[in-house]
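1. Sequence plus the predicted model coming up.
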Amino acid sequence: MPRPIEALIHPEAVAHNLATARAAVPDAKLWAVVKANAYGHGIERVYSGLQSADGIALLDLAEAERVRALGWRKPVLLLEGVFEARDLELCSRLNLWHAVHHDAQIDWLGAHKTHQPHRVFLKLNSGMNRLGFAPSAYRSAWARLNALPQVDEISLMTHFADADGPNGVEAQVAVFDEVTRDLPGERSLSNSAAILRHRALKTDWVRAGILSYGSAPDYPEHDIAHWGLQPTMTLRAQLIATQQLQPGDTVGYGSRFRAEAPLRIGVVACGYADGYPRLAGSGTPVLVDGIRCTTVGRVSMDMLAVDLTPVPAARVGSEVTLWGRGPHGTLLAIDEPAAAAGTIGYELMCALAQRVPVRIE
Ligand SMILES: *Cc1c(COP(=O)(O)O)cnc(C)c1O
C-alpha cells in the first residue's frame, strides 16, 4: 500500500464557487483566474468546473497553451502580458488577449507582424505599485496603443491592494475613474475580495481567483460558510501510529509540546514535505474521523501529531483531514490551518507537494 496520504480535487465545487461569484456581480463578465496551475489544483483537473466562465486568465504562456489544448475557445488573458517580443507570436497564433503594463510591451507590439490585431488590457497603477502605468503616463500609453494597427480593442484594468480589508478600494477607484474618465473600452477591476465585498463597483470584467478555490479572501473577518463557498481541494491522510503519553512526556523535535496529564495522541502520515506548513504550531485544527482535534508539537517532514482526546475510538488507519472535505459531510476550510501558520489559503493550496497523489472526486 502506498503511504496513506492523498489530495482530492473537486471540480464541481469550483463550478459552484464561480456561480457564487456570478450571483454577486450578475452584470459582469467573469474571468476564471487559473494562474499557478489553478492555484495548485491542476488546470486540467478543475477544467470541467470552469465552463461557465466567460474567459480564463493566467500568467504563463505554457499554461495558456494547455488551456487552448483542452479546447477552450473563449477568451484567454495574460495578466502580466508578454515577457519578450517573441511571445506575441504565440498570442497571435492562440488568440490570447494580453495585459500591457510597461512601455517596452508597446514597442514590441509596434514591431509585431500579425494579420489579426490584438485585444489588450492596459493596466493602470492606481496605488498597488506592482504593475501598471503611473496615472501621469497612462493616457499617453493609451494613445500610443490606439495608433497601432496591431491593436484592436483596448480595455482598461487595475488591481486592488486592499479590497479584503478596512482600507477598501475607494482611493484606487478614484484614481482609476479620474485617469480613465473619457476613455472608451471595457473596464476590469475586481479580484475575489472586491467581487464579494464591493459589489456595486462598475466593472465589465471581474477576475475571480481565490474564491473559486474555496478560500475566503477576507478570512478571518468572514469564512467560506459566510460567502457560500465550498472547498475545492481536500488533503487527507491516515493515522499510522498512536502513543499513550504520561504527564511530562514531550512530542516531536525540540520537545515543544509537553503533556500535563495522561494523553493519547495519533501520528499522521503528513508533514511539511507534503505541503503542510511547518509553522502551524500546537493547536492547529484537523479532523480525525470527521471530529475536530488539534495538533501537538512540531510538524516534521513526514509526520505530525494530534491530540486524540475528542475521538477515543481513533486507531491506526483512522482518516485525518488536514483541510477540505471530511467524512460524513464534515468540512475544514483551508483558511484555518493557513491562519494557524500565519499565512493564507492561497499559499497552502499552491504549495501542495509533488509527492502527494491527486485524484479528482
Ligand atoms: C491573481 C490575480 C487576480 C485574482 O486574485 P484573487 O485574490 O485570487 O481573486 C486578479 N487579478 C490579477 C491581476 C491577479 O494577478
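-> The structure has been received and is ready for your questions.

2. Please count neighbours and contacts with C-alpha atoms only from this point.
-> Noted.

3. For the nearest residue to residue 25 once chain neighbours are set aside, what are phi and psi?
-> In space, residue 25 comes closest to residue 199 once its chain neighbours are excluded; the distance is 6.0 Å by Cα to Cα, 6 or more residues apart in numbering. Its backbone dihedrals place residue 199 at phi -70, psi -20, with angles given as degrees, to the nearest 10.

4. Residue 199 against residue 24, yeah?
-> Yes: when contacts are counted by Cα atoms under 8 Å, residue 199 is listed as touching residue 24 (6.5 Å).

5. Spatially central residue in this structure, please.
-> Computing the C-alpha centroid of the chain and ranking residues by Cα atoms, centre = their mean puts residue 210 first, at 3.7 Å.

6. Please list all residues in contact with residue 239.
-> Under the criterion of Cα atoms under 8 Å, 6 or more residues apart in numbering, the neighbours of residue 239 are 266-269, 315-320.

7. Show me which pair in those is furthest apart.
-> Across the contacts of residue 239, the two members that end up farthest from each other (Cα to Cα) are 269 and 315, 13.2 Å apart.

8. interface residues of this protein facing the ligand?
-> For the chain, the residues in contact with the ligand under the definition Cα under 6 Å from any ligand atom are 33, 79, 159, 191-192, 207-210.

9. For residue 6, which non-adjacent residue is closest in space?
-> Taking Cα to Cα, 6+ apart as the measure, residue 6 lies nearest to residue 357, with 5.1 Å between them; neighbours along the chain are not counted.

10. low-confidence ranges in the protein?
-> Applying pLDDT under 70 to the chain picks out no residues at all.

11. Could I get the contacting residues of the residue nearest to the centre of the chain?
-> Applying Cα under 8 Å, 6+ apart, we find residue 210 in contact with 39, 192, 216-217, 346.

12. returning to what we had before: okay if I get the contacts of residue 239 as JSON lines plus secondary structure?
-> JSON lines is the format used below for these (DSSP: H, G, I helix; E, B strand; the rest coil):
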{"residue": "266", "secondary structure": "strand"}
{"residue": "267", "secondary structure": "strand"}
{"residue": "268", "secondary structure": "strand"}
{"residue": "269", "secondary structure": "coil"}
{"residue": "315", "secondary structure": "coil"}
{"residue": "316", "secondary structure": "coil"}
{"residue": "317", "secondary structure": "coil"}
{"residue": "318", "secondary structure": "coil"}
{"residue": "319", "secondary structure": "strand"}
{"residue": "320", "secondary structure": "strand"}
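
13. and which of those residues is nearest the ligand?
-> residue 320 (27.4 Å; Cα to the nearest ligand atom).

14. For the nearest residue to that closest one once chain neighbours are set aside, list the residues it contacts.
-> The shortest distance from residue 320 to any non-neighbouring residue, by Cα to Cα, 6+ apart, is to residue 288 (4.5 Å). Residue 288 makes contacts with 311, 314, 318-321, as judged by Cα under 8 Å, 6+ apart.

15. That's all I had, so thanks and see you.
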